[in-house]
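# How does the following fold in three dimensions:
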Amino acid sequence: MRILTYITTEEDAGRAARSVVPRRFQLGTHAFRRLKVEGGILCDGAPLRADTVLRAGQRLEILMDNGETETKAEIEAKTEIKAAPDGLPPSFIRYIDEDMLVVSKGAPLATLPCGHIHTGTLREQLAALLGQDAAAFDYHPVNRLDKGTSGLLCVARHAHAQRLLTGQLHTDSFIREYLAVTEGVPSQREGVIDAPIARLGTGAKRAVRPDGRRAVTHYRVEQAAGGRALIRLRLETGRTHQIRVHLAHIGCPICGDYLYGRELPELKDRFALHSARLRCVQPVTGKTVEVVEPLPEELKALLTPSAFCAEFASSALAGISALNTSLLEGGGTTKS
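Residues are numbered from 1 along each chain as shown. Got it, this is the predicted structure:
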């Protein structure tokens, strides 16, 4: 249970609770009503009525159920814990407090149940990490990552924190940076992709189209070798598949992206996109939370000379095999 506390001031004196509590705790109308009905708002230890006229020096408390029964020290001790139940790729808690956590998600791993995915999600993994029942686990992802994307994800631990954190999205208070390894190198080393994105038909695929919603991605090439690039990206908007669509649009699809590029055998059910940096404002204390997650080794390997040699050898062998098949079928010969 998370308890938020506020001591009323002279400015609050003479005002009804219904006008003071939502403003001081940044509660929406719906949240205020729900908490009041559930007895989750106390004044000097007693349930608060909305029409109560407040005095200076009174203690207001909001009771937020975050599913936590442990002490703050026990909560903080859970950082850096690894879990991979049911054969799922491992994830790590990189930051945790009573209101939020930042997790480094493995890939491939779904953030939420969707489509044909009902089990084996990050929700179950976090519940196991925190020793809670998955069905009752209070799980509020603030930003989303595709199943095939690894890296940092912010999760609120109660609805109030989710509301405050979601309000930071697409502002300077909530910064997300990604790293992608691409097939091809952008013609400009640094730039902005400002291109509207729309859904194609009824499926999952998106594309740049004039009738789409505005989408803006900032990028900078960090490294380039062998026809591939390591690109750092920052989102100004948050459209579905935005980075994947924008990079494919400029002729540099993400390595292993089976939807907008081509699969790679060395990347199983994932692509080379990683959420590398996340910065936000803690919703209750107001302090800055910043976490950095290095590029996974399997993605670093895509930029090494051996990776290019292996891919060239694979392509060459496939070409030789096709040529031999053609010769056998046609009975022809070659000359050098």
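# show me where pLDDT drops low in the stretch 1-150 of the chain?
Low-confidence segments of the stretch 1-150 of the chain, defined by pLDDT under 70: 1, 37, 65-88, 113-119.
# ranges for the strands of it?
2-7, 41-43, 46-47, 59-64, 82-83, 91-96, 100-105, 140-141, 150-156 (DSSP state E, counting those that start in this stretch).
# Need these in TSV (columns: mean neighbour count and distance to Gln132).
C-beta here means a position set from N, CA and C on the backbone, and glycine is covered the same way. Formatted as TSV, those follow (neighbours: other C-beta atoms under 10 Å; distance: least, C-beta to C-beta, whole Å):
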stretch	mean neighbour count	distance to Gln132
strand 2-7	14	14
strand 41-43	19	25
strand 46-47	10	27
strand 59-64	18	16
strand 82-83	14	12
strand 91-96	20	13
strand 100-105	24	12
strand 140-141	19	14
strand 150-156	25	13
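# of the ones you listed, which approaches Arg18 most closely?
strand 41-43 (10.3 Å; C-beta to C-beta).
# May I have the beta-bridge partners of Leu179?
Beta-bridge pairing for Leu179 (DSSP bridges): Arg232, His274.
# so what pLDDT did it get?
Looking at Leu179, its pLDDT stands at 97.
# ditto for Ala310
At Ala310, pLDDT is 48.
# ok, now Gly184?
Here, the pLDDT recorded for Gly184 equals 96.
# And for the one 10 residues further on?
Among the per-residue scores, Asp194 holds a pLDDT of 97.
# Can you report how many residues lie near it?
For Asp194, the neighbour count with other C-beta atoms under 10 Å is 13.
# Now for the residue lying closest to it once chain neighbours are set aside: which residues touch it?
In space, and not counting its chain neighbours, Asp194 is closest to Val216: 5.0 Å by C-beta to C-beta, 6 or more residues apart in numbering. Neighbour list for Val216: 192-194, 235-237 [criterion: C-beta atoms under 8 Å, 6 or more residues apart in numbering].
# for the residues you listed, which one is nearest Gly151?
Distances from Gly151 to the contacts of Val216, taken by C-beta to C-beta, are shortest for Leu235, at 13.0 Å.
# hang on, that closest one packs against Arg176?
Yes: look at Leu235 against Arg176 with C-beta atoms under 8 Å: they come within range, at 5.8 Å.
# Buried ones only from the contacts of Val216, please, as a ChimeraX command.
A single ChimeraX command selects the buried members of those (16 or more other C-beta atoms under 10 Å):
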select :193,235
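# Check the contacts of Val216 against Ala248 and report the nearest one.
Ile193 (10.6 Å).
# Relative to Val142, how far out is the closest one?
24 Å (C-beta to C-beta, to the nearest Å).
# Kindly report the same for Glu266.
32 Å.
# what about those two, which has more around it?
Val142 (23 against 16).
# So the more buried one is in contact with Cys154, correct?
Yes: judged on C-beta under 8 Å, Val142 makes contact with Cys154 at a distance of 4.2 Å.
# Now do the shared contacts for those two.
With C-beta under 8 Å, 6+ apart as the test, Val142 and Cys154 both reach 100, 165, 174, 280.
# how about these, which pair is most distant?
Longest span within the shared contacts of Val142 and Cys154, C-beta to C-beta: Met100 and Phe174, 11.7 Å.
# Can you pull the residues that touch both of those two?
By C-beta under 8 Å, 6+ apart, the residues touching both Met100 and Phe174 are 142, 154, 165.
# In space, what's closest to the last one - neighbours in sequence excluded?
Read it as Leu165. Val142 (4.5 Å).
# domain ranges for this protein?
Domain segmentation of the chain under automatic domain parsing yields 2-64, 72-301.
# out of those, deepest packed?
Greatest average neighbour count among these goes to domain 72-301 (a mean of 18), per mean count of other C-beta atoms under 10 Å.
# Just give me how far it sits from the chain centre.
4 Å (C-alpha atoms, centre = their mean, to the nearest Å).
# So Leu169: helix, strand or coil?
coil (DSSP: H, G, I helix; E, B strand; the rest coil).
# That one is in contact with Leu235, isn't it?
No: Leu169 is beyond contact range of Leu235, at 9.5 Å (criterion: C-beta under 8 Å).
# Report the separation between the residue nearest to Asp194 and Ile3.
From Val216 to Ile3 the distance is 40 Å (C-beta to C-beta).
# where does Asp172 fall, phi/psi-wise?
Per-residue torsions, Asp172: phi -70, psi -10 (degrees, to the nearest 10).
# Identify the residues contacting it.
If you count contacts by C-beta under 8 Å, 6+ apart, then Asp172 has nothing around it.
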